[in-house]
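J.: Next come a sequence and a model predicted from it.
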Amino acid sequence: MDAVSGFRTRLQAIREHLDGLDYTVLPRMSDAEIVDMMTEMRSLADRMSAGAAVVTDAVDKANATEHTTGTPLGDFLASAEGRTPSQGIGMVKRASKLTQNPKVKEAALSGDVSPDHATAIGEELGKLPQDQLSPEQVDRAAGLFLDRAATTPPGQLKRATKKILEEVAPEAAPSPDDEAARIAAQRSRAVKDRRLVWGSDGEGSTWFSGQLPDLEAQQLIGTLQAFGEKGRRAERDEAKALRDKRAEGHITDSQYLSARLELENREARSTAQRMADALVDMVGLLGSLDKVPSAGGQTPRLVVTLNYQGLHDALEEKLAAGVVHGATGEIPVDAGPLRRMCCGAGILPVVLGGESQVMDMGQERRLVTGAIRRALEVRDGGCIFPGCTVPADLCQAHHIRPWWNEGPTSLDNLCLVCRHHHALVEPDRYHSRDQWRIVVDPDTKIPLMLPPERLKKHLPQSPVDPAAGRTGTENLGEESPRTGRSGTDSLGEESARTGRSGAASLRVNSVRISGAVTGANSARTGTPNSGESSDQALLMG
């Protein structure tokens, strides 16, 4: 029998022996016997895993899957084993590291070290200055790593790299200055590679992925762990308090058991779940202490477009659900969380209908107040330029009639535009440019974009131009050409469109996270300033 046939025959024999194992005998074994069986099988599994890595590396070096299937090995593994392409590529790289040094490879195949240890050693050997070391020095370094593997977890072997290099090749070890430069370069790469991304899983959850430089990561991890430990302490204190209350007769046995069951559910949280809860708690604490920095003129908040009856229905459990418009799209929210948000948040009117917020600052100040900013976000939803999807929190408040031309800092003279389009619509002081202009529809009070005259011939003809002939610096209070009414009707005046008082409420609109809107509103409802008030917008901080 030649070597190739022998390899195949022995592999088939292993398969047959595995098929012949009877796992139903495990309950009849003593504790000592079953522990021995577990240890033996895990050792064999490690050896098989190392063998699979060696064969995988041989296939990679020979480009065998490309020759036989026209498919790179990483993609072949992904297709054949139901993995992702990145997982397939990762397995190929892992096999290469495990087989990098012959001594390490043989140790893994014989079961002297685990595949994880062998892979970690291969990675660390690759970091040594190969051009400054002889083969004998590399082998000696591999032996020192193998010695440490018996008592060191794979992830901690990298801590020994510097000492091992100093031992096998002192002349090649970096000087203190070199080490400082290496650390600085490592830090620079880590800062450059920092990232945080998220997205919806389509099943009611949002996933997060990212990485931070070690220093900042340790600060975050330490804070999360502190919040997690605070939760554990609170659970222990709550359990003791329940026992004391039952012993003192303050609660019945039935009440105790009910409360204890709820507490046990919290106590059963995994570490990962506790860290997730800690992150949410940390963000909530920052918000409650008003420590969240502003973005676009205000801190991130939950904005609810809601009339009084809608809020009443939510609190009285008559509202079935709402929708949060967040960074990952529309998120259905049932009435329970909505009621809890109402109980735990300060609710303030954002636009007309609330006496505690002043919408019109007149000429007293140029900067937009938080109240006006929130009203703009509710009304405009994002950049008002046609087709622009920049969300409200990344937009700037633009004076339609410029401040330098006595334009007031008031809701009816402001609109949201992104940084790019802000430069495009900023009025020319000398009126020497044919440019994009902003006007306000006299009926809806919604700001509209008008294109330059030179561009109009390239655009589809609009059936109605509600602001035709108007400029971006006209008096917003002049008589409306459509209704004959002033553009600054009083709050209590009956609406010409609805026949109801301007302060009347119509419906529950939606819930928005103002710090994470994905784009401008597709239908702008025109939350008014000092005219019609079709909805109240409530701020939930």
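T.: All right, it came through fine. Numbering: from 1, shown residues only.
J.: What is the burial count for residue 68?
T.: If you count neighbours by other C-beta atoms under 10 Å, residue 68 ends up with 10. Using the backbone N, CA and C atoms, a C-beta is placed for each residue, glycine as well.
J.: Residue numbering should commence at 5 henceforth.
T.: All set: I'll call the first residue 5, so the last point we hit is now residue 72.
J.: could you say what helices and strands the host helix or strand of it packs with?
T.: Per DSSP states H and E: residue 72 is located in helix 68-73. For helix 68-73, the elements it packs on are helix 77-85, judged by 3 or more C-beta pairs under 8 Å, 6 or more residues apart in numbering; DSSP states H and E.
J.: Using PDB, list the CA coordinates for the helix holding residue 72.
T.: In PDB, the C-alpha atoms belonging to helix 68-73 read as follows (Å, rounded to 0.1, in the frame of the first residue of the first chain):
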ATOM      1  CA  ALA A  68      -6.200  22.800  -5.600                       C
ATOM      2  CA  THR A  69      -9.800  24.100  -5.400                       C
ATOM      3  CA  GLU A  70      -9.100  26.600  -8.100                       C
ATOM      4  CA  HIS A  71      -7.700  23.900 -10.400                       C
ATOM      5  CA  THR A  72     -10.500  21.400  -9.600                       C
ATOM      6  CA  THR A  73     -13.600  23.700  -9.100                       C
END
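J.: Okay, now the unreliable bits of the stretch 155-304 of the chain?
T.: 291-296, 298-304 (pLDDT under 70).
J.: and if we set it to 80?
T.: Applying pLDDT under 80 to the stretch 155-304 of the chain picks out residues 183, 288-304.
J.: give the contact list for the nearest residue to residue 148 once chain neighbours are set aside.
T.: Nearest non-adjacent residue to residue 148, counting by C-beta to C-beta, 6 or more residues apart in numbering: residue 168, 4.8 Å away. With contact set as C-beta atoms under 8 Å, 6 or more residues apart in numbering, residue 168 has these partners: 145, 148, 149.
J.: What of residue 255?
T.: 246, 249, 263.
J.: tell me the secondary structure for it?
T.: coil (DSSP: H, G, I helix; E, B strand; the rest coil).
J.: Show me the longest helix that occurs in the protein.
T.: In the chain, taking DSSP state H as the definition, the longest helix is helix 218-251.
J.: Pull out the buried residues from it.
T.: 228, 231, 232, 235, 242, 246, 250 (16 or more other C-beta atoms under 10 Å).
J.: Stretch 170-181 now?
T.: Buried positions in stretch 170-181, judged by neighbour count with 16+ other C-beta under 10 Å: 172, 173, 177.
J.: before we move on, the earlier item: just list what the helix or strand just after the longest helix of the chain packs against, helices and strands only.
T.: Once helix 218-251 ends, the next helix or strand along the chain (criterion: DSSP H and E) is helix 257-271. Under the contact criterion of 3+ C-beta pairs under 8 Å, 6+ apart, helix 257-271 touches helix 218-251.
J.: quick one: the helix it packs on to helix 257-271, angle?
T.: Angle of helix 218-251 versus helix 257-271, following axes from the mean of the first three to the mean of the last three C-alpha atoms, to 10 degrees, is 170 degrees.
J.: on that earlier part again, name the residues that touch the helix holding residue 72?
T.: Helix 68-73 has contacts (C-beta under 8 Å, 6+ apart) with 62, 63, 75, 76, 77, 80.
J.: Going by contacts, tell me the helices and strands next to the helix or strand containing the first one.
T.: So the one you mean is residue 62. Under the criterion of DSSP H and E, residue 62 resides in helix 35-66. Counting contacts by 3+ C-beta pairs under 8 Å, 6+ apart, helix 35-66 packs against helix 77-85, helix 89-102, helix 106-113, helix 119-131.
J.: In a markdown table, list those along with mean neighbour count.
T.: Output for the helices and strands packed on helix 35-66, formatted as a markdown table (neighbours: other C-beta atoms under 10 Å):
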| stretch | mean neighbour count |
| --- | --- |
| helix 77-85 | 18 |
| helix 89-102 | 18 |
| helix 106-113 | 20 |
| helix 119-131 | 22 |
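J.: and residue 275, which of those is closest to it?
T.: Among the helices and strands packed on helix 35-66, the nearest to residue 275 by C-beta to C-beta is helix 119-131 (21.2 Å).
J.: Now do the buried residues in the very next helix or strand once past that closest one.
T.: Scanning forward in sequence from helix 119-131 by DSSP H and E, the next helix or strand is helix 139-153. Buried positions in helix 139-153, judged by neighbour count with 16+ other C-beta under 10 Å: 141, 142, 143, 144, 145, 146, 147, 148, 149, 150, 152, 153.
J.: and what of stretch 253-261?
T.: 255, 260.
J.: Any idea how far apart the tips of that stretch sit?
T.: 14 Å (C-alpha to C-alpha, to the nearest Å).
J.: and residue 400, what are its phi and psi?
T.: phi -110, psi 150 (degrees, to the nearest 10).
J.: How many residues are close by the spatially closest residue to it that is not a sequence neighbour?
T.: Nearest-residue entry for residue 400: residue 426, 5.2 Å, with adjacent residues in sequence omitted and distances by C-beta to C-beta, 6+ apart. Neighbour count for residue 426, taken as other C-beta under 10 Å: 16.
J.: what separates residue 426 from residue 376, distance-wise?
T.: As judged by C-beta to C-beta, to the nearest Å, residue 426 and residue 376 stand 17 Å apart.
J.: Check residue 284 too.
T.: From residue 284 to residue 376 the distance is 30 Å (C-beta to C-beta).
J.: And residue 413, by the same measure?
T.: Applying C-beta to C-beta, the value for residue 413 to residue 376 is 7 Å.
J.: still on that earlier bit, which of the contacts of residue 168 lies closest to residue 203?
T.: For the contacts of residue 168, the nearest to residue 203 is residue 149 (39.6 Å; C-beta to C-beta).
J.: picking that back up, return the member of the buried residues of stretch 170-181 nearest to residue 199.
T.: Nearest to residue 199 among the buried residues of stretch 170-181 is residue 177, at 33.3 Å by C-beta to C-beta.
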